[in-house]
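**Student:** Build me a model:
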Amino acid sequence: MSKLPGWLGRFGSELTELGARLEERRERAAADDDPLGVTGAADAAPDDPGQVPAPPTYAPSVAAKPDPVAAIPWGMRVAAEAGWRLLVLAGTLWVLMQIITAVQLVVLAFSAALLITAMLQPTVVRLKRFGLPHGLATAVTAVLGFVIIGLVGWFVVWQVMENLDTLSDRVRDGIDELKRWLLDSPFHVTESQINDIAKNLNDTIGTNTEEITSAGLQGVTFMVEFLTGLLLAMFSTLFLLYDGRRIWEWSLKLVPAQARPGVAGAGPRAWRTLTAYVRGTVLVALIDAIFIGLGLYFLNVPLAVPLAVFIFLFAFIPLLGAVVSGALAVVVALVTEGVFTALMVLVVVLAVQQIEGHILQ
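**Tutor:** Numbers count the residues shown, from 1 in each chain. Sure thing, here's the model as predicted:
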């Protein structure tokens, strides 16, 4: 029994030595698997779990990534900001145009009512200065204005119906004269070519009967829409003449509060500008109609008075109105009185329009 403690001591020391050898062998294996020593650096990290361990000294320095907004060039940022705003504006305009197209009859009627109101409102103001009440002055002005417009329209229709037979005879004579002029002209037009053109026109009219009928039905629809728009314009004009200021004050409530003072100041100035524009356009259109109508009358062109009325009305259409009305007068002169009269009408139209464009305007 005395030898047992010695044997246990030797066994314990051998176990300790074996454990030391195993630990040393484990460290050598770990060193072989991790030659850079990353594991050792991680093992050397502080005990605080909330602290990020420092990178090893041999690790390369990595620059911090910049803010994405700062990484985009300034010009591209400006273009992007302007781009999406332009897209929103274009979408808004498209929706607005679709709405206007859907209710174009109401929009056109109200626009015509604004122009007529701008033309008639000074008369209401003058009648009120003479002592008439506001309602009576509005009624007198509206009735007189619509009566004058109706009389002008009736006179034009009456003149056309009175001269319709004479016009058809003159058109036939004018076509014959135009045919003779083409045969004698230096363009070397033969009678067979003229007959072929007439035959092609007849064939075209005969083969397009359905299209012509459809166009006639569209004309009836247009007349119905025109009469409807005319009634809407009359009622709108009456309300604008009588209560235009209150309508404007109510419209200001629809404007955002921040922009309301600017709009309230710009509105009366815009209305005065529109009134002055309508007055000037009426004066210029009246002078055009009088002088071109006198030229048509002295050149013995039929329908001189209706053509003068058309010239007056078309003068309110910017750019194209004067061209269309002048071309209509020249065509009527050509088919009724011949080439020479048409050239003289063209000279009169151009002379009056040049005086109007460079002096009166």
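**Student:** pLDDT score for the residue most central in space within the chain?
**Tutor:** Nearest to the mean C-alpha position of the chain, counting by Cα atoms, centre = their mean, stands M97 at 6.7 Å. Listed pLDDT for M97 reads 90.
**Student:** and what of R85?
**Tutor:** Note on R85: pLDDT of 90.
**Student:** and the gap between it and A79?
**Tutor:** 11 Å (Cβ to Cβ, to the nearest Å). Just so you know, the C-beta spots here come from the backbone N, C-alpha and C atoms, and that holds for glycine as well.
**Student:** And the helices in the stretch 151-300 of the chain, which stretches?
**Tutor:** Along the stretch 151-300 of the chain, counting by DSSP state H, counting those that start in this stretch, helices occupy 164-184, 191-207, 209-252, 260-298.
**Student:** Just give me how far the strand or helix carrying I100 sits from the chain centre.
**Tutor:** Assigned by DSSP states H and E, I100 belongs to helix 74-102. On the basis of Cα atoms, centre = their mean, to the nearest Å, helix 74-102 sits 13 Å off its chain's mean C-alpha point.
**Student:** Rounded mean pLDDT for the helix or strand that that helix is followed by, please.
**Tutor:** Toward the C-terminus, helix 74-102 is succeeded by helix 104-129 as the next helix or strand (DSSP H and E). Throughout helix 104-129, pLDDT has a mean value of 86.
**Student:** quick one: buried residues of helix 104-129?
**Tutor:** 108-110, 112-121, 123-124, 127 (16 or more other Cβ atoms under 10 Å).
**Student:** what's that helix packed up against?
**Tutor:** helix 134-162, helix 209-252, helix 260-298 (3 or more Cβ pairs under 8 Å, 6 or more residues apart in numbering; DSSP states H and E).
**Student:** among those helices, which gets the worst mean confidence?
**Tutor:** Among the helices and strands packed on helix 104-129, helix 209-252 scores lowest, at a mean of 77.
**Student:** how far off helix 134-162 does that one point, in degrees?
**Tutor:** In terms of direction (axes from the mean of the first three to the mean of the last three Cα atoms, to 10 degrees), helix 209-252 departs from helix 134-162 by 170 degrees.
**Student:** For A71, which of the helices and strands packed on helix 104-129 is the nearest?
**Tutor:** Nearest to A71, of all the helices and strands packed on helix 104-129, is helix 260-298, at 39.8 Å by Cβ to Cβ.
**Student:** buried stuff in that closest one?
**Tutor:** Using 16+ other Cβ under 10 Å as the test for burial, helix 260-298 gives 271, 275, 278, 281, 284-285, 287-289, 291-293, 295-296.
**Student:** Could you tell me how far that helix lies from the centre of the chain?
**Tutor:** Worked out by Cα atoms, centre = their mean, helix 260-298 lies 23 Å from the chain centre.
**Student:** following that helix, which helix or strand comes up?
**Tutor:** helix 304-314.
**Student:** relative orientation of that following helix and helix 134-162 in degrees?
**Tutor:** Going by the same axes, to 10 degrees, helix 304-314 makes 130 degrees with helix 134-162.
**Student:** Run the angle between helix 304-314 and helix 260-298 for me.
**Tutor:** Following the same axes, to 10 degrees, one obtains 160 degrees for the angle between helix 304-314 and helix 260-298.
**Student:** who's in contact with helix 304-314?
**Tutor:** For helix 304-314, contacts defined as Cβ atoms under 8 Å, 6 or more residues apart in numbering pick out 152, 155-156, 159-160, 285-286, 288-290, 292-293, 296-297, 301, 321-322, 324-326, 328-329, 332.
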